[in-house]
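# just to be clear, the model below is a prediction. Sequence and coordinates:
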Amino acid sequence: MIPSQVKELLLRSLEHERSAVLVYRTALECAVNEQLKAEWDTYFDQTEKHVSILTRVCIALGIDPGEHTPGSEIVHHMGNSLVVAMRRAMATGDASAAELVACECVVLAETTDRANWELLCECSPVLDSAAGSTLAEACAKVQDEEDEHLAHSAGWRRELWLKSLGLKAVIPPPEENRTGAAVDAAIVRKNARAGR
């Protein structure tokens with residue numbers, strides 16, 4: 001038996017991943033920089049795989065991946081609001097501004113995504129052995145990608161903001177030269193700032 005809050009977290013996380021697919025699809029329409037577009041295209045593909053992974057986890061744990069809860073409905077609406085924000089930015093006709101809004105939306109989505117996976121990983125040891133193993137295996141497949149998505153997208157957001165402010169920006173961001181945990185990204189940012 002899966003505890004009700006773990007089930008809720010799984011369903012919200014799955015809905016958030018589904019919403020993130022739509023966020024990336026829209027962000028790709030906003031991207032002006034070809035390197036950013038290529039990166040988001042990769043993250044779009046990975047996010048689609050994360051939807052598949054979480055769907056399989058739900059099924060393996062006896063949870064209907066199509067079940068909607070009040071919490072997952074809210075997650076759905078929040079994801080839609082990010083898509084609406086990007087569409088409104090595109091409607092202004094300012095491509096650079098729309099790209100920056102897309103970065104902001106991706107960072108917001110990835111912040112929640114990363115937090116959800118962190119919580120899911122914390123849940124795996126407290127579930128029974130079969131359920132815990134299933135969830136731990138999913139976490140092992142996804143967690144590093146989520147770290148990269150958030151760290152790299154936050155780097156793009158920062159550097160595009162600096163550029164828009166007329167300040168020295170590093171495009172592509174320093175995070176692009178490294179992969180790994182968000183902690184590594186923070187070290188890269190600190191070192192890049194020292195060298196500016």
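In hand now; what should we look at? Worth saying up front: this structure is predicted, and the values here are computed from it rather than measured.
# residue ranges for the strands of the chain, please.
Chain-ordered strands for the chain, with DSSP state E as the definition, do not occur.
# where does it dip in pLDDT?
Under the criterion of pLDDT under 70, the regions of the chain flagged as low confidence span 1, 178-196.
# just give me the residue right at the centre of it.
Within the chain, one residue has its C-alpha closest to the average C-alpha position: by C-alpha atoms, centre = their mean, that is Glu110, at 2.6 Å.
# residue contacts, the closest residue to it other than its chain neighbours?
Setting aside the residues directly before and after it, Glu110 is nearest to Leu150 in space (C-beta to C-beta, 6 or more residues apart in numbering), at 4.3 Å. In this view, the C-beta of every residue, glycine as well, is placed from N, C-alpha and C. Contact analysis of Leu150 by C-beta atoms under 8 Å, 6 or more residues apart in numbering lists Val107, Glu110, Thr111, Asp113, Arg114, Ala182.
# which one of those residues is nearest to Tyr43?
Ranked by distance to Tyr43 (C-beta to C-beta), the contacts of Leu150 are led by Glu110 at 8.3 Å.
# from memory Thr112 sits against His16, does it?
Yes - contact between Thr112 and His16 holds when scored by C-beta atoms under 8 Å: they sit 5.8 Å apart.
# tell me which of the two has more neighbours.
Between Thr112 and His16, His16 has the larger neighbour count (other C-beta atoms under 10 Å), namely 25 against 18.
# skipping its backbone neighbours, what lies nearest the more buried one in space?
Of all residues beyond its chain neighbours, the one nearest His16 is Val75 (5.1 Å), with distances taken as C-beta to C-beta, 6+ apart.
# then Pro173?
Nearest residue to Pro173, sequence neighbours excluded (C-beta to C-beta, 6+ apart): Gly155, at 3.2 Å.
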